[in-house]
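Undergrad: mind folding the following:
(chains A and B)
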Amino acid sequence: MSTKFSKETYLYWYGLMQTIRQFELKAEEMYKMAGKIRGFFHAYIGQEAIAAGVMTATRHEDPFITAYRDHGWALAKGTSANACMAELYGKATGCAKGKGGSMHFFDKENYFFGGHGIVGAQIGTGAGLAFAEQYKGTDNVVVAFFGDGAARQGMLHETFNLAMLWKLPVIFVCENNNYAMGTSIERTSNVHDIYKLADAYEMPADQVDGMSPEAVHEAMARAVKRAREGDGPTLLEMKTYRYKGHSISDPQKYRSKDEVDEYKDKDPLVQVAATILTSGFATQAELDAIDARINETIEESVRFAEESPWPDDSEVLKDVYLDETYEFITD
Amino acid sequence: MRTIAFREALREAMSEEMRRDELVFLMGEEVAEYNGAYKVSQGMLAEFGPKRVIDTPIAELGFTAIAVGAAQNGLKPVVEFMTWNFAVLAMDQILNTASKMLAMSGGQIGCPIVFRGPNGSAGQLGAQHSTAFESYYANIPGIKVISPSNGYDAKGLLKQAIRYEKDPVMFMESEVMYGDKSEVPEEEYYIEIGKADVKKAGRDVTIVSFNKMMKVALAAAAELEKEGISAEVIDLRTIRPLDWRTILDSVKKTNRLVIVEEQWPFASVSSEITYRIQKEGFDYLDAPIRRVTSADAPMHYAPNLVAAYLPDVPKVVKVVKEVMYSKK
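TA: Predicted coordinates:
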């Protein structure tokens, strides 16, 4: 069977998706079983094909920004599993020095502008990152991710208008997993196809199979080309599905097990593994070896997080101002 | 020395810093082709062009987000709000993104940005155009709040904010001050943020104020002088960080403190000053610390209700006499 993408691409996709999947399964275990991780925890599991396809269609220097379902994006941009796991633990060695937690991963060196906690806010901030790239005259493009819930915020509309007006090099990627927490998309608007929201601003838009890295890559590549060439933004609605609840504390009474199982049949990891095997890119034994290496990396990240120190108490008044002379009120 | 209007002082501050640094740009409603709703940015589009003097649609949340993202990615935006009353729509970006991202990212992502515009009341504009916001923003760790009372201070502080500040700055002006003339030298100067200024020396009582209420404070001091009461008048200039040491030094001399501000009374700037001075200067006080604020209500339209709402000279004189335990 011939494939559109190379052996290297498929093996990269498989490795990245497996890394995100195994990282989150382990993190969830450490949250639920060991009580090592606290706070809100939103798993990306099920949506990994979007990370895979977006990564191969962009460059390292292209800034990414997303909401609080951010573990997968940090890992995709190159943040180490150690730094991610330590951040979940709240340790000083975390990717935000233990100050962010699950929802607020950051890695500026890897052009990851973070996990943001106010639904939809990062749509506008992301367009601002793109404004800076355009102003400085680079040909970098920004990818701003958000969920279907955020599509109902006013921020989306103000930002779409401005991004089109100024032809900002930004790609708006809606990871539509069908649920704004527990509210299905049909219950949040009369408009169920989110990509159509772009029409009001004459913004190019596409609806994409977000369970397929191939489809994601192809749609992204078109949007990236347009943005790099100065032709402005694109909205891509990626139809995806999260297998887990909205957050770790979500009992998921709003959807049936059959619905979840139906999507699990389309699991991108299973699909990509099947393509790799049928195309002869790797044997099952070789995939097993990749899994084992990833497993070791994840296990190591837990050891690293366990052994890392907490932030010093004095950190409470650090990273608040860049002005090092700022005198805080302490009583 | 030459005298120029407050708005010209602001314009000079922005223009000088934009000539110095290509990364500085001005964005806001009507700042470019209209030359500014209050003509602060008059002529700047002609000098700097549309890349750096940028008109926005009426979308405070959206354009503030774009400016904040631009600041996080290497630029130095100056954002003009037509009034701080409209900036409430952008509060999420200021509070949850601009002020917190440095901390949330463990020090990776700063936000060097200046937000500026007119603040507080400006005549009979009704409740929604009349709020004074210094105390709102001063409550937020991670940002600084400047509120000058004259063109000289405004220029030096704004230049300082644009050139040297790496943290988000809220810069509060006033519609009714834009035409005020003050002496501003031709030579370049900067004024350090976080330093109050004693605008009038005195012996008997300390009056602290800022922004356009400085006029009330100084006029009240002149009135009191006629009656033999010598008031020292301190202009805060910066609200956060608060230069309480200058206030305390004055109170050590006068033993009495009255604060005049346009904020609402609850959790206001005067509340914070009062806490700090009672703690640091308890033994120096000969009377309770008092204040004159706006009324604890939205500002109404009718002219007598505007007057009844705002601090004025008679109200300040009366409170000063009370802390002096004067008979008349």
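
Undergrad: going forward, measure contacts between C-alpha atoms and count neighbours the same way
TA: OK.

Undergrad: could you give the number of residues near the residue of the stretch 51-200 of chain A at minimum distance from chain B?
TA: Closest contact between the stretch 51-200 of chain A and chain B, by C-alpha to the nearest C-alpha, is at A:G128 (3.5 Å). A count of nearby residues for A:G128, using other C-alpha atoms under 10 Å in any protein chain shown, gives 31.

Undergrad: same deal with the one 5 residues further on?
TA: A:E133 has 24 neighbouring residues, counting by other C-alpha under 10 Å.

Undergrad: how far away is it from B:V24?
TA: For A:E133, the distance to B:V24 (C-alpha to C-alpha, to the nearest Å) stands at 14 Å.

Undergrad: what segments of chain B are strands?
TA: Counting by DSSP state E, chain B forms strands over residues B:3-5, B:24-28, B:53-55, B:76-80, B:114-118, B:144-146, B:169-173, B:181-183, B:197-200, B:205-209, B:231-235, B:238-240, B:257-260, B:290-292, given from the N-terminal end onward.

Undergrad: quick one: contacts for residue 78?
TA: Just so you know, I chose chain A. Taking C-alpha atoms under 8 Å, 6 or more residues apart in numbering or on different chains, we find A:G78 in contact with A:N110.

Undergrad: wait, chain B was what I had in mind.
TA: With contacts defined as C-alpha under 8 Å, 6+ apart, B:V78 is in contact with B:V24, B:F25, B:L26, B:M27, B:I113, B:V114, B:F115, B:R116, B:I162.

Undergrad: got the phi and psi for the residue nearest to the second one when sequence neighbours are not counted?
TA: The shortest distance from B:F25 to any residue other than its chain neighbours is 4.6 Å, reached at B:R52 (C-alpha to C-alpha, 6 or more residues apart in numbering or on different chains). Reported as degrees, to the nearest 10, the phi and psi values for B:R52 are phi -120, psi -10.

Undergrad: what does the one helix or strand in chain A whose mean pLDDT sits lowest rub up against?
TA: When the helices and strands of chain A are compared on mean pLDDT, DSSP states H and E, helix A:257-264 comes out lowest with a mean of 78. Contact with helix A:257-264 is made by A:G46, A:Y241, A:Y243, as judged by C-alpha under 8 Å, 6+ apart.

Undergrad: at 10 Å what do you get?
TA: The contact list for helix A:257-264, computed with C-alpha atoms under 10 Å, 6 or more residues apart in numbering or on different chains, reads A:G46, A:M211, A:T240, A:Y241, A:R242, A:Y243, A:K244, A:D267, A:V270.

Undergrad: residue contacts, A:V216?
TA: Contact analysis of A:V216 by C-alpha under 10 Å, 6+ apart lists A:49-57, A:207-210, A:236-239.

Undergrad: so the closest residue in space to B:K212 that isn't next to it in sequence versus chain A, what's the distance?
TA: Sequence neighbours aside, B:S149 is the residue nearest to B:K212 in space, at 5.6 Å (criterion: C-alpha to C-alpha, 6+ apart). From B:S149 across to chain A, the span is 23 Å (C-alpha to the nearest C-alpha, to the nearest Å).

Undergrad: contact partners for B:S149?
TA: Contact analysis of B:S149 by C-alpha under 10 Å, 6+ apart lists B:6, B:172-174, B:177, B:180, B:209-215, B:235-237.

Undergrad: and it, its phi and psi?
TA: As for B:S149, its main-chain torsions (degrees, to the nearest 10) stand at phi -110, psi -10.

Undergrad: again, but for B:A295
TA: Here B:A295 shows phi and psi, under degrees, to the nearest 10, equal to phi -60, psi 150.

Undergrad: just B:Q263 next, same as before
TA: phi -70, psi 160.

Undergrad: cool, the one 4 residues further on as well?
TA: Dihedral pair for B:A267: phi 50, psi 50, per degrees, to the nearest 10.

Undergrad: next one: B:P50
TA: Recorded main-chain torsions at B:P50 are phi -70, psi -20, according to degrees, to the nearest 10.

Undergrad: so who does the nearest residue to it once chain neighbours are set aside touch?
TA: By the measure of C-alpha to C-alpha, 6+ apart, the closest residue to B:P50 outside its immediate chain neighbours is B:A32, 7.4 Å from it. Going by C-alpha under 10 Å, 6+ apart, B:A32 touches B:26, B:39, B:41-46, B:48-50, B:52-56.

Undergrad: residues in a beta bridge with A:F146, which ones?
TA: According to DSSP bridges, the residues that bridge with A:F146 are A:C174.

Undergrad: any idea how many residues pack against it?
TA: Residues within reach of A:F146, counting by other C-alpha under 10 Å, total 26.

Undergrad: and B:K328, what's its pLDDT?
TA: We note a pLDDT of 63 for B:K328 in this prediction.

Undergrad: kindly apply the preceding question to A:H246 instead.
TA: According to the model, A:H246 carries a pLDDT of 78.

Undergrad: and what of A:A83?
TA: Note for A:A83: predicted pLDDT of 98.

Undergrad: contacting residues for the residue nearest the centre of chain B?
TA: Most central residue of chain B, judged by C-alpha distance to the mean C-alpha position with C-alpha atoms, centre = their mean, is B:S147 at 1.4 Å. Residues in contact with B:S147 (C-alpha under 10 Å, 6+ apart) are B:116, B:118-119, B:134, B:153-154, B:157, B:170-174, B:210-212, B:235-240.

Undergrad: distance of the residue lying closest to it once chain neighbours are set aside from chain A?
TA: Closest residue to B:S147 apart from its sequence neighbours, by C-alpha to C-alpha, 6+ apart: B:M172 at 4.7 Å. For B:M172, the distance to chain A under the criterion C-alpha to the nearest C-alpha works out to 20 Å.
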